[in-house]
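Participant: All I have is the shape, not the residue letters:
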């Protein structure tokens, strides 16, 4: 499974919204008639993919608008200009939601600015953090929220690793070679050094040398030496 960031998901949803608005301007007559419009919409997965993604974009923009209104109420209508280069190139929904929470606890701009700049400066020195020069959700989120997300990420990674291990152990065992038919036909009641009786079997000639080899390979004992 491929995971994408919220920023990437929002960009995909925006692209779907643009495609939706474009397709909605089509007419069957413009496409040459003969029912070409429904076929084109089917080929584009218009109802199953484009429209749901477009709806996701609309809902996300509505929530982002609510967050921006909360920020504007505390920091003024020029809050984006105040943030300047600290504002991410693409303020995702999660970032704006965390910023709105941050603003409600840090209404004084000068103090908020100093705190945010300090967090940006400290982040590059920490392990496993983004090295961006602008604000991230981590810079302004409450410590409890950051810890919860860190533990959640660790849980996801552990579950994926466990799933990979289970997939490895669930593979069928490799087929084992069958025992040699020559060894299987050696009489089980032969004593060491005893010659097999001659039988009309077609394998009697092959058994003689194999039995001899087995006897010769048998280690000597103290009794044999005496």
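Facilitator: It's in. These numbers come from a predicted model, not from an experiment.
Participant: I would like the residues contacting stretch 126-143, please.
Facilitator: Residues outside stretch 126-143 that contact it (Cβ atoms under 8 Å, 6 or more residues apart in numbering): 83, 85-89, 94-95, 98-99, 101-102, 116, 119-120, 123-124, 146, 149. Using the backbone N, CA and C atoms, a C-beta is placed for each residue, glycine as well.
Participant: can you map out the helices along this structure?
Facilitator: For the chain, the helices defined by DSSP state H occupy 6-23, 36-43, 51-75, 79-83, 93-105, 109-122, 137-140, 143-169, 181-184, 204-216, 222-225.
Participant: Show me what stretch 30-49 is in contact with.
Facilitator: Stretch 30-49 is contacted by residues 16, 19, 20, 23, 26, 27, 28, 50 when judged by Cβ under 8 Å, 6+ apart.
Participant: Surely residue 54 touches residue 17?
Facilitator: Yes. Assessed by Cβ atoms under 8 Å, residue 54 is found in contact with residue 17 at 4.6 Å.
Participant: so how many other residues sit close to residue 10?
Facilitator: 21 (other Cβ atoms under 10 Å).
Participant: repeat for residue 28
Facilitator: Other residues within reach of residue 28, judged by other Cβ under 10 Å, total 14.
Participant: Please name the residues that touch it.
Facilitator: Going by Cβ under 8 Å, 6+ apart, residue 28 touches 34, 35, 36, 37.
Participant: now residue 97
Facilitator: 63, 67.
Participant: any low-confidence regions in this structure?
Facilitator: Low-confidence segments of the chain, defined by pLDDT under 70: 1-2, 143-226.
Participant: hang on, the earlier thing: mind checking which of the contacts of residue 28 are buried?
Facilitator: residue 37 (16 or more other Cβ atoms under 10 Å).
Participant: Widest-spaced pair of the contacts of residue 28?
Facilitator: Pairwise distances across the contacts of residue 28 peak at 9.6 Å for 34 and 37 (criterion: Cβ to Cβ).
Participant: Relative to residue 9, which of the contacts of stretch 30-49 is nearest.
Facilitator: residue 16 (10.7 Å).
Participant: pretty sure the closest one is touching residue 60, no?
Facilitator: No. Judged on Cβ under 8 Å, residue 16 makes no contact with residue 60 at a distance of 11.6 Å.
Participant: neighbour-wise, which of those two wins?
Facilitator: The neighbour comparison of residue 16 against residue 60 (other Cβ under 10 Å) goes to residue 16, with 20 against 17.
Participant: How much space separates the more buried one from residue 51?
Facilitator: Separation of residue 16 from residue 51 (Cβ to Cβ, to the nearest Å): 8 Å.
Participant: And residue 20, by the same measure?
Facilitator: Per Cβ to Cβ, residue 20 is found 6 Å from residue 51.
Participant: do residue 42 as well
Facilitator: The gap separating residue 42 from residue 51 is 13 Å, by Cβ to Cβ.
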